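J.: Just need the structure, nothing else, for what follows:
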Amino acid sequence: MNIKAVIDASILIALYIPEKYSDWARNVIETYEENHILDLTIYEILNVIYKKAIVLKEINEEEAKIVFESIKKIMRDLCIIHKYDEVYENAFKIAMNFNISIYDAAYIALALNLKSKFLTMDLKLKEKIEMTDLKEVIVTPT
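T.: Numbers count the residues shown, from 1 in each chain. As a prediction, this is how the structure comes out:
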């Protein structure tokens, strides 16, 4: 069993809202003893739930509330939450050097700090960093 993983909002959302790689997300998260997230993760999750309920109409408002409460419980009980000040300087450098979003760079910076893997469903991010040293950090479904 692996020890530490940094997980992003896409992994947590996939646990409760069926997506193409939801089974992968459930299986991979169970192979790690510690799940680490950033304090910004909750805002990303809320944004995705909002979009899926209000904009895309993929879930109704009641389902949105249930998903949020379930994810909130996982975050509180099973995740170690890190503050932005642990990563923002390195995240800025990573974002600038690799032309990726500051959000993605923050998760990668945390994974580098912890000497762990970064689990995400973001295949476009993997593609962007595939030819860099950062490729060793990221774990995606494909």
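J.: Pretty sure E19 sits in a strand.
T.: No. Using DSSP: H, G, I helix; E, B strand; the rest coil, the assignment for E19 is coil, not a strand.
J.: what ranges do the strands span in the protein?
T.: Ranges of strands in the chain, per DSSP state E, are 2-7, 32-38, 79-82, 117-119, 138-139.
J.: helices or strands up against the last one?
T.: For strand 138-139, the packing partners by 3 or more C-beta pairs under 8 Å, 6 or more residues apart in numbering; DSSP states H and E come out as strand 117-119, helix 123-129. Quick note: C-beta positions are derived from backbone N, CA and C, even for glycine.
J.: In CSV, list these along with mean pLDDT.
T.: Formatted as CSV, the helices and strands packed on strand 138-139 follow (pLDDT from 0 to 100):
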stretch, mean pLDDT
strand 117-119, 98
helix 123-129, 96
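J.: ok, back up a step: any idea which of the strands of the chain is most buried?
T.: Of all the strands of the chain, strand 117-119 carries the top mean neighbour count, a mean of 24, counting by mean count of other C-beta atoms under 10 Å.
J.: so which of the helices and strands packed on strand 138-139 is the most packed in?
T.: Ranked by mean neighbour count, those are led by strand 117-119 with a mean of 24 (mean count of other C-beta under 10 Å).
J.: same for that strand, what does it pack against?
T.: strand 2-7, helix 22-29, helix 102-114, strand 138-139.
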